[in-house]
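Participant: next come a sequence and a model predicted from it.
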Amino acid sequence: MKKIFKLGIICVLLSVLLFGLLKIQTALFEANNTPPPVHTRQNNNLTDWNLILVNQHHPIPNDYHVELINLSNGQQVDTRIYPSLQQMFDDARTQGVYPVVLSGYRTENEQMQIMQTQIEFHEAEGNSKAEAIKLAKAWVAIPGTSEHQLGLAVDIEADNINSTNEQVYEWLKQNAHEYGFILRYPMDKIDITGINYEPWHYRYVGIDTAQEIYSQGICLEEYLSMHLSQ
Ligand SMILES: [Zn+2]
């Protein structure tokens, strides 16, 4: 009788052990076959070329390389945004709005000269040097932190023959996201972007991102931190 009891206990222990081993194996199998969590894939997307973040806290990487294409008026942009930019301008024109690219790609030197001109302008208005620099920084990105140096941003104005700037700004505000461009410095995001409202400055981010940023009323900084924390 004792023997049978002992055998029973051994059987139960073996069963528990076997069951445990099976569980571990199943867990391992599941771990190997579970797709990566969604946020991992989104994080990878955040490193896409069109989502690079450049602002006062994120300077352009030293090894950044840009392939440029010339526009008909001599301005240049990153070749990858050209088809979308062209399509946007073509469609605007068919709707009676005539935009032009006032400023596309800029070298660090050109950005430095723009900053210098702005500082001199504010000094000439009677501001101290420190005050003039502060005022200039609200409008002009510090060299090394301008999206124009990426070739992914364009300042767009009207041709001033067939359209006014206001007409162009309004059309862009309503439509640019359909082509992958965002109003980069909205009026209500100055405290985040660090740059004053610029209705002419559009940045290419790709259609999906542009549509999300547009529909949610957020800026690029907010979009990136939202997706990073997901
Ligand atoms: Zn600009």
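Facilitator: Thanks, I have it.
Participant: I'd guessed Ala136 sits against Ala124; true?
Facilitator: No: counting by C-beta atoms under 8 Å, Ala136 stays clear of Ala124, with 12.0 Å between them. The C-beta positions use only the backbone N, C-alpha and C, and glycine is treated the same way.
Participant: more crowded one of these two?
Facilitator: Ala136 (21 against 9; other C-beta atoms under 10 Å).
Participant: that one - that's part of a strand, no?
Facilitator: No: under DSSP: H, G, I helix; E, B strand; the rest coil, Ala136 sits outside any strand and is assigned helix.
Participant: name the element the nearest residue to it once chain neighbours are set aside belongs to?
Facilitator: Distances taken as C-beta to C-beta, 6 or more residues apart in numbering put Gln118 closest to Ala136, at 3.7 Å, once the chain neighbours are dropped. Following DSSP states H and E, one finds Gln118 within helix 108-124.
Participant: contact residues of this structure facing the ion?
Facilitator: Taking C-beta under 5 Å from the ion as the measure of proximity, the chain contacts the ion at Asp155, His201.
Participant: do you have the strands of the chain handy? List them.
Facilitator: 68-70, 76-78, 99-103, 153-158, 181-183, 201-204 (DSSP state E).
Participant: what would the ones you listed look like in JSON lines with mean neighbour count and distance to Arg93?
Facilitator: Listed next are those as JSON lines, based on neighbours: other C-beta atoms under 10 Å; distance: least, C-beta to C-beta, whole Å:
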{"stretch": "strand 68-70", "mean neighbour count": "15", "distance to Arg93": "20"}
{"stretch": "strand 76-78", "mean neighbour count": "21", "distance to Arg93": "18"}
{"stretch": "strand 99-103", "mean neighbour count": "19", "distance to Arg93": "8"}
{"stretch": "strand 153-158", "mean neighbour count": "22", "distance to Arg93": "12"}
{"stretch": "strand 181-183", "mean neighbour count": "25", "distance to Arg93": "16"}
{"stretch": "strand 201-204", "mean neighbour count": "26", "distance to Arg93": "16"}
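Participant: burial of the residue nearest to Ala136, as a residue count?
Facilitator: Using other C-beta under 10 Å, the number of residues around Gln118 comes to 18.
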